[in-house]
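> Sequence and predicted model, in that order:
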Amino acid sequence: MKQTSLGRFAKRNAVPYMFLLPWLLGFFILTLYPMARSLFLSFTDYNMANEPVWIGAGNYIKMFDQNRLTGDPLYLKSLKVTFTYVFVSVPFKLVFALLIAVIMNRKLRGMSFYRAVYYIPTLLGGSVAIAVLWRKIFSKDGVINYIISALTGIQDLPGWVSNPKYALGTLIILTVWQFGSSMIIFLAGLKQISQDYYEAASVDGANKVQQFFHITIPSLTPVILFNLIMQIIGAFQAFTQAYIISGGKGDPINSTLFYTLHLYNKGFYYYEMGYASAMAWVLLFIIAILTMVIFRTSDRWVTYGTGE
């Protein structure tokens, strides 16, 4: 009877599962197995040349040990740099994307062309070529210093990417410049807001600023929630820009030592793959905690137009 039931189940679902087979293979082979392997390696001492040796929570303890011989004195520094980058770049990026989306949400001639132009930085911003170009633009003899000198007459300007005070700021500017994807999503949300709300507000005497804060923002809160989560996740995973602009070491003086860059160096430069795996799982845990906090608090500021 059991075999008959299994046979009937297989007969009914053979075709659907056959179409799902490529996805299932990809999930188990390319996602689930690497994650399980990484979790196992995070509890081992593994340098890719020898067999992993089980050390328990040693790698996780090492992260918060500031002793140069037994711990990782740069770990907390990489966390500080990354959190600064995330909590500064993401709000600026979302605000800038929303403002541009509001401007683009007009029935003007050629607006489709301008939308495409504003989206281009998102397509190119994560490339190695743009990172190299950005490093040149913000160098001591770069275009930015030339423009500032021409406008103000100041000659002895610093190299922005080589100065520890400003290097992280140049990366934040590069990230904010890549606002295109968030802008497109905000623009789609703006298209869904009924014009009746604005007409009724105008009749009641509300000006454009009041309409923006009392109609546009509340109506866009679900879109803001989505963009916020996606941008936070993406910001924590930032790597290419920091690697290229800092020369792969987080210079100057570790001011651009992103968490992912430090993880990469530990795994592929120092061959501490077990420790790098532990760092990866801590990063996943940090992102999961922040995402959970945002979702748990979203009912206080997100409205879905259901009257709640």
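Yes, it's here. None of these values were measured; they are calculated from a predicted model.
> The nearest residue to residue 82 once chain neighbours are set aside: how many residues sit nearby?
Counting by C-beta to C-beta, 6 or more residues apart in numbering, the nearest residue to residue 82 once its immediate chain neighbours are dropped is residue 259, at 4.2 Å. Just so you know, the C-beta spots here come from the backbone N, C-alpha and C atoms, and that holds for glycine as well. Here the number of neighbours of residue 259 (other C-beta atoms under 10 Å) works out to 27.
> Then residue 251?
Counted with other C-beta under 10 Å, residue 251 comes out at 16.
> before we move on, could you check phi and psi at it?
When read as degrees, to the nearest 10, the backbone of residue 251 gives phi -70, psi 160.
> do residue 54 as well
According to degrees, to the nearest 10, residue 54 has phi -70, psi 130.
> Name whatever forms a beta bridge with it.
Beta-bridge partners recorded for residue 54 (DSSP bridges): residue 44.
> so where do the helices sit in the stretch 151-300 of the chain?
For the stretch 151-300 of the chain, the helices defined by DSSP state H, counting those that start in this stretch occupy 167-177, 180-191, 195-203, 208-211, 217-236, 240-245, 259-264, 273-297.
> returning to what we had before: would you mind measuring from the residue nearest to residue 82 to residue 112?
39 Å (C-beta to C-beta, to the nearest Å).
> circling back to that earlier point, which residues touch the residue nearest to residue 82?
Residue 259 is in contact with 78-79, 81-82, 236, 279, 283, counting by C-beta atoms under 8 Å, 6 or more residues apart in numbering.
> Mark which of those residues are buried, thanks.
78-79, 81-82, 236, 279, 283 (16 or more other C-beta atoms under 10 Å).
> nearest to residue 46, of those residues?
Within these, the smallest distance to residue 46 is 13.1 Å, found for residue 279 (C-beta to C-beta).
> Quick check: closest non-adjacent residue to that closest one.
What sits nearest to residue 279 in space, not counting adjacent residues and going by C-beta to C-beta, 6+ apart, is residue 263, at 4.6 Å.
> Could you check the pLDDT of that neighbour?
Residue 263 carries a pLDDT value of 96.
> With the one 4 residues further on instead?
Among the per-residue scores, residue 267 shows a pLDDT of 94.
> so residue 114 makes contact with residue 105?
No. Counting by C-beta atoms under 8 Å, residue 114 stays clear of residue 105, with 11.6 Å between them.
> Neighbour count: the two, which is higher?
Applying other C-beta under 10 Å to residue 114 and residue 105 shows that residue 105 carries more neighbours, namely 17 against 14.
> That one contacts residue 189, correct?
No. Residue 105 is beyond contact range of residue 189, at 9.6 Å (criterion: C-beta under 8 Å).
> Thank you kindly, that will do.
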